[in-house]
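>>> whatever this is, show me its structure:
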Amino acid sequence: MKIGLEIHGYIQSKEKLFCNCKAEHGAKITSPNTNICPICTGNPGSKPMLPNKEAIKKILQIALILNCKINPMFSFQRKHYDWPDLPKGFQNTISGTYAVHVGEKGRFLDINIREVHLEEDPAAWNPETGEIDYNRSGIPLVEIVTDPDFKSSEQVISWLKQLLITLDYIKAIDKNLGIKADVNISLPELKGERVEIKNVNSLENIKDAIEYEFKRQQKLGELAKEQETRRYDAKKKMTIRMRSKEQAQDYRFISEPDLPIVKIEKQRIEILKKQLPETPQEKLKKLIKSYHIEKNSAEVLAKNIELVDFFEAVVSIGKIPIKLAVPW
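Numbering: from 1, shown residues only. Modelled structure (predicted):
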């Protein structure tokens, strides 16, 4: 089995990507369609503002901590598709046929990162009632695309947990909202085509979807003869065919004429690099080797940057023994 991931997370930001509307989620929003304006609802004649500065900074930090090569110039594309949750008829994204990505050719915990890019979130559409809530429309999203380097569901989940801890170290995404992943699975030894499972929304569901799809594709007559897109039904614990897989040309990517090219100075990249904290993996090694802490306690400390920084600050005073500070 070969598995690749396209991971989406909400970038921590007070405002949306192309307007000044609040980027709020979940319980913070008391009613639908309150944090909206002509830009994020796609009103005719409305034009986007320049990209949110904080979102650009966060996407650069994410690319750097994943050891990606940063491109000094990149631009937004229009990705066209016809769904009610997309009021403009296209999504603004730094991806696509001719796109130069924010970061590319990275590597994180033995998995190759193909690209890291920034895009806007669509609105929330309820297909049963037909209602659309535009509060979410235009909120900045990060997408991290891996190569198909994973070989099992256990490896995927372990890697994703480390990724989330690492992104929390730089306060890059809203961890309370979790992540969504498009999971791509193929069985090359059986000469099966790639199957994409769209928008799987929890670590548990990602694991279950991979394991179900692996068993399904092994069955006689179920192996994909063409690339297809499926969804995961968490109640039935099974994947269901949606359509044949779209190709890049189906989205009719074009350069966004209303937004300028984003230029990143080399000096800015170097400053952001120096500001990056130690990674959770580096912290863990340091706790074990330098502080001689047993592994289980070190793993607990390393999961939270505030906690491990507080621990190091306490023991640096020199008057408090490590054996007292760790359990406390």
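>>> helices of the stretch 201-328 of the chain, residue ranges please.
Assigned by DSSP state H, counting those that start in this stretch, the stretch 201-328 of the chain shows helices spanning 203-218, 266-275, 280-289, 295-302, 305-316, 322-325.
>>> closest one to S95 among the ones you listed?
In terms of Cβ to Cβ, the element of the helices of the stretch 201-328 of the chain nearest to S95 is helix 266-275, at 20.3 Å. C-beta coordinates here come from the backbone N, C-alpha and C atoms, glycine included.
>>> now the helices of the stretch 201-328 of the chain as a markdown table including mean neighbour count, distance to N43 and mean pLDDT?
Shown next, in a markdown table, are those (neighbours: other Cβ atoms under 10 Å; distance: least, Cβ to Cβ, whole Å; pLDDT from 0 to 100):
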| stretch | mean neighbour count | distance to N43 | mean pLDDT |
| --- | --- | --- | --- |
| helix 203-218 | 18 | 36 | 93 |
| helix 266-275 | 12 | 34 | 95 |
| helix 280-289 | 17 | 44 | 95 |
| helix 295-302 | 16 | 47 | 94 |
| helix 305-316 | 15 | 41 | 92 |
| helix 322-325 | 13 | 57 | 90 |
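>>> and these as JSON lines, adding distance to G130?
Output for the helices of the stretch 201-328 of the chain, formatted as JSON lines (distance: least, Cβ to Cβ, whole Å):
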{"stretch": "helix 203-218", "distance to G130": "26"}
{"stretch": "helix 266-275", "distance to G130": "44"}
{"stretch": "helix 280-289", "distance to G130": "44"}
{"stretch": "helix 295-302", "distance to G130": "47"}
{"stretch": "helix 305-316", "distance to G130": "43"}
{"stretch": "helix 322-325", "distance to G130": "57"}
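>>> any idea which of these gets closest to I65?
Once these are compared by Cβ to Cβ, helix 266-275 is nearest, at 9.4 Å.
>>> and that closest one, what does it pack against?
Packed against helix 266-275 by the contact rule (3 or more Cβ pairs under 8 Å, 6 or more residues apart in numbering; DSSP states H and E) you find helix 53-65.
>>> just the mean pLDDT for the helix it packs on, thanks.
Confidence for helix 53-65, expressed as mean pLDDT, is 96.
>>> circling back: tell me which of the helices of the stretch 201-328 of the chain lies nearest to N92.
Closest of the helices of the stretch 201-328 of the chain to N92 is helix 266-275, at 22.3 Å (criterion: Cβ to Cβ).
>>> least trustworthy helix or strand in this structure by mean pLDDT?
When each helix and strand of the chain is scored by mean pLDDT, DSSP states H and E, strand 238-244 comes last, with a mean of 82.
>>> and the angle for it with helix 203-218?
Using axes from the mean of the first three to the mean of the last three Cα atoms, to 10 degrees, the inter-axis angle of strand 238-244 relative to helix 203-218 is 70 degrees.
>>> could I have strand 238-244 exported to PDB, CA atoms only?
Output of strand 238-244 as PDB, limited to C-alpha atoms (Å, rounded to 0.1, in the frame of the first residue of the first chain):
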ATOM      1  CA  MET A 238     -16.900   2.600   4.900                       C
ATOM      2  CA  THR A 239     -15.900   4.700   1.900                       C
ATOM      3  CA  ILE A 240     -18.400   5.600  -0.800                       C
ATOM      4  CA  ARG A 241     -17.700   6.500  -4.400                       C
ATOM      5  CA  MET A 242     -18.400  10.100  -5.300                       C
ATOM      6  CA  ARG A 243     -17.000  10.600  -8.800                       C
ATOM      7  CA  SER A 244     -14.100   9.900 -11.000                       C
END
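>>> excluding its backbone neighbours, what's nearest A99?
Distances taken as Cβ to Cβ, 6 or more residues apart in numbering put Q77 closest to A99, at 5.4 Å, once the chain neighbours are dropped.
>>> give me the neighbour count for that neighbour.
25 (other Cβ atoms under 10 Å).
>>> equivalent analysis for T229, please.
Residues within reach of T229, counting by other Cβ under 10 Å, total 15.
>>> give me the beta-bridge partners of it?
Using DSSP bridges, the beta-bridge partners of T229 come out as E196, R243.
>>> isn't it up against E196?
Yes: using Cβ atoms under 8 Å, T229 is in contact with E196, at 5.0 Å.
>>> across the sheet, point out what pairs with the residue nearest to A99.
T93, S255.
>>> surely it and F253 touch.
Yes: using Cβ under 8 Å, Q77 makes contact with F253 at a distance of 4.9 Å.
>>> any idea how far P188 lies from Q217?
P188 is 11 Å from Q217, where distance means Cβ to Cβ, to the nearest Å.
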